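Novice: here is my input, please return the structure:
(chains A and B)
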Amino acid sequence: MRAAGVLVAIALALALQTTLARFVVGGTAAIDLVLVVVVYVALTTGPGTGMLAGSVAGLIQDALSSGGVIGIGGLAKSIVGFLVGVIGQQFIVTAALPRLVMFMAATVVHAAVFMGLYTVLGVRTFESPYAAVLSQALGNAAAGMIAFTIIEALPGMMERRRVRRRL
Amino acid sequence: MALLDLRERTGYLFVAVTVGHIILISAQVNTKRGVPMLEAVTFGVFAEVQRGAGAVISGVRDGWEGYFALQNVREENQRLRQEVGQLQIKLQEERALAQQSRSLQSLLDLRQASDLSTTGAAVIAGGASPDFRTVTIDKGTGQGLRPDQAVISPAGVVGRIIMPSARASKVQLLIDRNAAAGALIERSRAQGVVLGTGGDRLRMEYVSSAADVKVGDLVVTSGIDGIYPKGFVIGQIESIERGAGMFSAIVIKPAVDFTSVEDVLVVLTPPPAADAIKAGDAPAGQTTSGGRGSTSSAPPQRAEEPNREPGA
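Specialist: Have a look, this model is predicted:
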């Protein structure tokens, strides 16, 4: 059941990434919704699920991206999912600030692995990616915080609505 | 696996997923040489596996060939040793036959080159006493041998027959202390008498102190003794002592190695002393033997005579 929910979340993230994100951020990839989903899954379920979610999501993302090497994104997101899951189990990251830091750190690690592998393999080069990485980290953190807020507020909203209908 | 907790299983899973991704990436990325990385790494890894497998197989094979397969080697080794022994004996026989063949060939050459009437004989025994340097040959009066016939070999003069029996003869070697032969120095034609010493050297006497004699000069038979044909090599002058008297004391190293004489020729027709003296005065290249007065070039074993008159 949880796996199905993870797959649905990934599919939604991919759909949003390929449609809405372009319009929201003027065509630049300043946000990686798939990575946000992976970090969210890892924080809420643990390293195993986070890693598998990152692997599957990254592979699909690689497959949909033209001209890239299939597996690099998958590997980067697997590592991020695993690390975030491990950290989420070791530390309390339920407050807003730790979550914000986790999203930003996850984005940086993902970018480092992703760009590092491409550079090492000589397939692509990235010139001065720091600003882009930073902006993506902020965007991902914002998206993640919004996602956490909505998802955590959703059960209370449903309950209040049910009580109001009874009255 | 059931004992492992979730964290350990996740770790294994992480490693598996990471390796899977790396393999996937490697399949798409080429090395600098244009070969897919996965292929290059796989080949490299598999080559090491092949190397290891080859080493294992080689070790097993060596163990098999070096131990298990050697069960019949002892018998084979003994058989081969026997074969080697037989072959060594056969080789020695062949060598002996070859040596004998060479010796007989030398005698045959000497016989063909010489115009003397000779017969071949083999040495069958040495002397009974060290004081008398003699050997026994396998020919006797039945083959026409008589006392005082010269015995020669390809190397030079051996001696003379002193006691023939029906089927064997005793030969007095030239080095016997009672042996003597008329001799002359091949270069200067100075004449003298060669005497045995009982040792391994000869002595030449009655050579004038004024004669032209040098160390290294060849000494040959002069033929005046009526036993030894003229011109056969006796030996080389090893030392000269010019005494206060009329004659020099000359030591000669024999041309024949008397310790290894095996086959000899017996000269059946010794030259008369008178003819020999006359032959000593004969022109160069002319030899007379057996009273036949034949003229021929000297055989290889006979010293070449210089173109000069004797005593010149």
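Novice: only C-alpha atoms from now on, for both contacts and neighbour counts.
Specialist: OK.
Novice: check contacts around the closest residue to chain A within the stretch 51-200 of chain B.
Specialist: Relative to chain A, the nearest point of the stretch 51-200 of chain B is residue B:51 (28.6 Å; Cα to the nearest Cα). Not one residue lies near residue B:51 by Cα atoms under 8 Å, 6 or more residues apart in numbering or on different chains.
Novice: for residue A:54, helix, strand, or coil?
Specialist: helix (DSSP: H, G, I helix; E, B strand; the rest coil).
Novice: give the contact list for it.
Specialist: A:35, A:38, A:74-81.
Novice: give me the element the residue of the stretch 51-200 of chain B closest to chain A is part of.
Specialist: Following DSSP states H and E, the helix or strand that holds residue B:51 is helix B:37-66.
Novice: picking that back up, which of the contacts of residue A:54 come close to chain B?
Specialist: Contacts with chain B within these, as defined by Cα under 8 Å from any Cα of the partner chain: A:74-75, A:78-79.
Novice: ok, the contacts of residue A:54 vs residue A:157, which is closest?
Specialist: residue A:38 (24.9 Å; Cα to Cα).
Novice: number of nearby residues for that closest one?
Specialist: The local packing of residue A:38 (other Cα atoms under 10 Å in any protein chain shown) involves 33 other residues.
Novice: what about it, distance to residue B:85?
Specialist: Residue A:38 is 87 Å from residue B:85, where distance means Cα to Cα, to the nearest Å.
Novice: residue numbers of chain A in contact with chain B?
Specialist: A:47-48, A:51-52, A:55, A:69-72, A:74-75, A:78-79, A:82, A:121, A:123.
Novice: could I get the buried residue list for the helix or strand where residue A:132 lies?
Specialist: Element membership for residue A:132, per DSSP H and E: helix A:130-166. Residues of helix A:130-166 classed as buried: A:133-145, A:148 (neighbour count, 16 or more other Cα atoms under 10 Å in any protein chain shown).
Novice: I'd guessed residue A:14 sits against residue A:34; true?
Specialist: Yes: with contacts counted by Cα atoms under 8 Å, residue A:14 reaches residue A:34, the gap being 6.1 Å.
Novice: settle it for me: which of the two has more neighbours?
Specialist: Remark: of residue A:14 and residue A:34, residue A:34 carries more neighbours, 25 against 22, as counted by other Cα under 10 Å.
Novice: could you check the pLDDT of the more buried one?
Specialist: Predicted confidence (pLDDT) for residue A:34: 90.
Novice: residue B:47 too?
Specialist: What the model reports for residue B:47 is a pLDDT of 84.
Novice: what of the one 4 residues further on?
Specialist: At residue B:51 the predicted local distance difference test score is 88.
Novice: tell me the one of the buried residues of helix A:130-166 nearest residue B:232?
Specialist: Closest approach between the buried residues of helix A:130-166 and residue B:232, by Cα to Cα: residue A:133, at 117.4 Å.
Novice: which strands and helices sit next to whichever helix or strand comes after the helix holding residue B:51?
Specialist: Per DSSP H and E, the first helix or strand lying C-terminal to helix B:37-66 is helix B:73-113. Where contact means 3 or more Cα pairs under 8 Å, 6 or more residues apart in numbering or on different chains; DSSP states H and E, helix B:73-113 is packed against strand B:263-267.
Novice: so which other helices or strands are in contact with the strand it packs on?
Specialist: Counting by 3+ Cα pairs under 8 Å, 6+ apart, strand B:263-267 packs on helix B:73-113, strand B:118-126, strand B:150-153.
Novice: quick check: mean pLDDT across the second one?
Specialist: In this model, strand B:118-126 has a mean pLDDT of 87.
Novice: which parts of it are buried?
Specialist: Neighbour counts over strand B:118-126 (16+ other Cα under 10 Å) mark B:118-123, B:126 as buried.
Novice: show me where chain B dips below the pLDDT cut-off.
Specialist: Counting by pLDDT under 70, chain B contains low-confidence ranges at B:1-8, B:243-244, B:270-312.
Novice: give me the most central residue, it.
Specialist: Against the mean C-alpha coordinate of chain B, by Cα atoms, centre = their mean, the closest residue is residue B:99 at 8.2 Å.
Novice: from residue B:258, how far out is that residue?
Specialist: Taking Cα to Cα as the measure, residue B:99 falls 17 Å from residue B:258.
Novice: who's in contact with the residue nearest to residue A:84 when sequence neighbours are not counted?
Specialist: Spatial nearest neighbour of residue A:84, excluding adjacent residues (Cα to Cα, 6 or more residues apart in numbering or on different chains): residue A:42 at 5.9 Å. By Cα under 8 Å, 6+ apart, the residues touching residue A:42 are A:48-51, A:81-82, A:84-85, A:88.
Novice: next: residue A:111.
Specialist: Going by Cα under 8 Å, 6+ apart, residue A:111 touches A:76, A:133.
Novice: still on that earlier bit, in which helix or strand would I find the residue nearest to residue A:84?
Specialist: helix A:33-45.
Novice: what is the neighbour count of residue 84?
Specialist: No chain was given, so I picked chain A. The burial count assigned to residue A:84 is 27, neighbours taken as other Cα under 10 Å.
Novice: wait, I meant chain B there
Specialist: So residue B:84, with other Cα under 10 Å, has 12 neighbours.
Novice: can you check residue A:109 too?
Specialist: Around residue A:109 there are 19 other residues, counting by other Cα under 10 Å.
Novice: and what of residue B:175?
Specialist: Residue B:175: 25 neighbours (other Cα under 10 Å).
Novice: give the contact list for it.
Specialist: Counting by Cα under 8 Å, 6+ apart, residue B:175 makes contact with B:133, B:195-202.
Novice: any idea which of those residues has the most stuff around it?
Specialist: Going by other Cα under 10 Å, residue B:202 tops the contacts of residue B:175 with 27 neighbours.
Novice: list phi and psi for it.
Specialist: With angles defined as degrees, to the nearest 10, residue B:202 sits at phi -110, psi 160.
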